[in-house]
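Participant: the sequence and its predicted three-dimensional model are supplied below.
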Amino acid sequence: MTALNLPFLQETSDGAAIENNLYPFVFLNVDGNLFIFANNRAILFDYVAGKVVKTYPTIPGGEPRSYPSTGSAVLLPLKSTKGQATEAEVLVCGGAPKAAFVKALKGTYMDALKSCARIKITDPNPAWVMEDMPLARIMGDMTLLPNGDVLIINGAGQGAAGWDIGRQPVLTPVVYKPENVVGSRFVQQNPSAIARMYHSTAVLLRDGRVLVGGSNPHNRYEFSNVLFPTELALEAFSPSYLDAQFASLRPSIISPGSQVRLGYGRRLAVRFSITGTIALNSVSVTMVSPSFTTHSFAMNHRLVVLASEKVKALKNSTFQVQVTTPASGNLAPAGYYLLHVVHQKIPSAGIWVKIR
């Protein structure tokens, strides 16, 4: 293992008392370089040569998005053409003002940030596009759903990340729809009754639900006489695509079978059934990598929309679509993924596949 010097992690610090650049958001770009975001700005880093190849502009307003002003970030769905993708976008949401951590330590809890910033990291002249969430949020979790939408869940409306310094739990999740026009991308969901503060998490399940757990804003387990006790209960959030009214539109994968091994740049026949009327031009196949989540960031998490050909009707409400697997590990690093068939934004249950 080789140690690399990265001055960026010193340049983005707001000082020893605050920092605001811990737990950076890191994504593998489609060109093989690393997009690294800390505080309020980002770089593209060639980890092989050990050099910065691009510096991105600061988010408008300059407010921090990294611990302890913890926001969250996600790499938006990557659309593959013949196994390749040439564009990639990152969405960063929430956080807290620069002074939030220091003030929270003294008992003053500043409002969290309501804004999101979106940037096309592959653009020759990239620029952040700003949007506002319905609710301000710090310590939120962002999870990719199989249909390409993004779930924003958990967190607080005031304070900062850390021991006992978050206030006003945000109980209402929000779904972000990347393909909608600005101003119509956020949809509020039904609220939970459980506060999910510091050290919470959200993970996509095979059936399309999201497992939600955690919340322990203490340096040990505390179950009583505290504002937000250690939470051991788990919840499953069901996105609207699981509503019974969509049952006839929901695909069911027939083949390949689960645990199939895939190679790079290969053609794959995916066979599925739908009990209702199919919209042949509204079928896609996605691969979602499982996340490793801590401090409001889902590491390893990415979604690839596979290049597909025309859907072919077989018999007995059975259909087949030919797709091309990602051409290289730059688009889909080797490992396990959940493969879903998506019909009119309604995903099937996933099957595990392994690409290498």
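Facilitator: Yep, it's here. Numbers count the residues shown, from 1 in each chain.

Participant: number of residues surrounding the nearest residue to residue 248 once chain neighbours are set aside?
Facilitator: Of all residues not flanking residue 248 in the chain, residue 276 sits nearest, at 3.0 Å (C-beta to C-beta, 6 or more residues apart in numbering). To be clear about C-beta, it is placed using only N, CA and C from the backbone, and glycine gets the same treatment. By other C-beta atoms under 10 Å, the residues close to residue 276 number 14.

Participant: residue 245 is in contact with residue 276, correct?
Facilitator: No: look at residue 276 against residue 245 with C-beta atoms under 8 Å: they stay out of range, at 10.8 Å.

Participant: still on that earlier bit, what strand or helix carries the residue nearest to residue 248?
Facilitator: In the assignment (DSSP states H and E), residue 276 maps to no helix and no strand.

Participant: what mean pLDDT would you report for whatever helix or strand residue 285 lives in?
Facilitator: Following DSSP H and E, one finds residue 285 within strand 283-288. Averaged across strand 283-288, the pLDDT comes to 98.

Participant: need the contact partners of whatever helix or strand comes next after that strand.
Facilitator: Reading on from strand 283-288 to the C-terminus, the next helix or strand found by DSSP H and E is strand 292-294. Residues outside strand 292-294 that contact it (C-beta atoms under 8 Å, 6 or more residues apart in numbering): 23, 141, 201, 202, 203, 298, 299, 300, 301.

Participant: bridging residues for the third one?
Facilitator: Looking back up the chat, that one is residue 201. Taking DSSP bridges as the rule, residue 201 bridges to residue 213.

Participant: neighbours of it, how many?
Facilitator: Residue 201 has 21 neighbouring residues, counting by other C-beta under 10 Å.

Participant: try the fifth one
Facilitator: Neighbours of residue 203 under the rule other C-beta under 10 Å: 17.

Participant: got the phi and psi for residue 154?
Facilitator: When read as degrees, to the nearest 10, the backbone of residue 154 gives phi 70, psi 180.

Participant: chain neighbours aside, what residue packs nearest to it?
Facilitator: residue 196 (3.8 Å).

Participant: what's the average pLDDT for stretch 62-81?
Facilitator: Mean predicted lDDT for stretch 62-81 stands at 97.

Participant: ugh, typo on my part, it should be stretch 228-236
Facilitator: For stretch 228-236, the mean per-residue pLDDT is 97.

Participant: which residues touch it?
Facilitator: 164, 166, 169, 192, 194-197, 200, 205, 209-218, 221-223.

Participant: show me which residues of that stretch are buried.
Facilitator: 228, 229, 230, 231, 235 (16 or more other C-beta atoms under 10 Å).

Participant: quick revisit: got a ChimeraX select line for the buried ones in the contacts of stretch 228-236?
Facilitator: Buried subset of those, written as a ChimeraX selection, criterion 16+ other C-beta under 10 Å:
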select :164,166,169,192,194,195,196,197,200,209,210,212,213,214,215,216,217,218
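
Participant: inside strands: which ones of the contacts of stretch 228-236?
Facilitator: The strands, defined by DSSP state E, take in 166, 169, 200, 210, 211, 212, 213, 214 from the contacts of stretch 228-236.

Participant: want to throw the residues you listed into CSV with pLDDT?
Facilitator: Shown next, in CSV, are the ones in strands among the contacts of stretch 228-236 (pLDDT from 0 to 100):
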residue, pLDDT
166, 98
169, 98
200, 97
210, 98
211, 98
212, 98
213, 98
214, 97
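
Participant: look up the pLDDT of residue 4 for me, please.
Facilitator: Listed pLDDT for residue 4 reads 81.

Participant: what's the nearest residue to it if we skip its chain neighbours?
Facilitator: residue 50 (5.1 Å).

Participant: wait, is residue 336 part of a strand?
Facilitator: Yes: under DSSP: H, G, I helix; E, B strand; the rest coil, residue 336 sits within a strand.

Participant: now do it, the pLDDT please.
Facilitator: 98.

Participant: residues in contact with residue 172?
Facilitator: 134, 135, 188, 189, 190, 191.

Participant: before we move on, what SS does it have?
Facilitator: Strictly by three-state DSSP, residue 172 counts as coil.

Participant: please report how far it lies from residue 120.
Facilitator: 29 Å (C-beta to C-beta, to the nearest Å).

Participant: just the strands in the stretch 101-250 of the chain please.
Facilitator: For the stretch 101-250 of the chain, applying DSSP state E, counting those that start in this stretch gives strands covering 115-120, 129-132, 141-144, 150-153, 156-159, 166-169, 174-176, 186-188, 200-204, 210-214, 235-237.

Participant: the closest residue in space to residue 247 that isn't next to it in sequence: neighbour count?
Facilitator: Spatial nearest neighbour of residue 247, excluding adjacent residues (C-beta to C-beta, 6+ apart): residue 275 at 7.5 Å. Applying other C-beta under 10 Å, we find 12 residues neighbouring residue 275.

Participant: contacts only, for residue 275.
Facilitator: Neighbours of residue 275 in contact, by C-beta under 8 Å, 6+ apart: 247, 248, 317.

Participant: what sits against residue 348?
Facilitator: Taking C-beta under 8 Å, 6+ apart, we find residue 348 in contact with 146, 250, 251, 252, 253, 272, 340, 341, 342.

Participant: repeat that with 7 Å
Facilitator: Contact analysis of residue 348 by C-beta atoms under 7 Å, 6 or more residues apart in numbering lists 250, 251, 252, 253, 272, 340, 341.

Participant: what's the answer for residue 113, then?
Facilitator: Contacts of residue 113 (C-beta under 7 Å, 6+ apart): 63, 71, 94, 95, 96, 136.

Participant: quick one: residue 300 and residue 332 touch, right?
Facilitator: No: Residue 300 lies out of contact with residue 332 (C-beta atoms under 7 Å); the separation is 11.2 Å.
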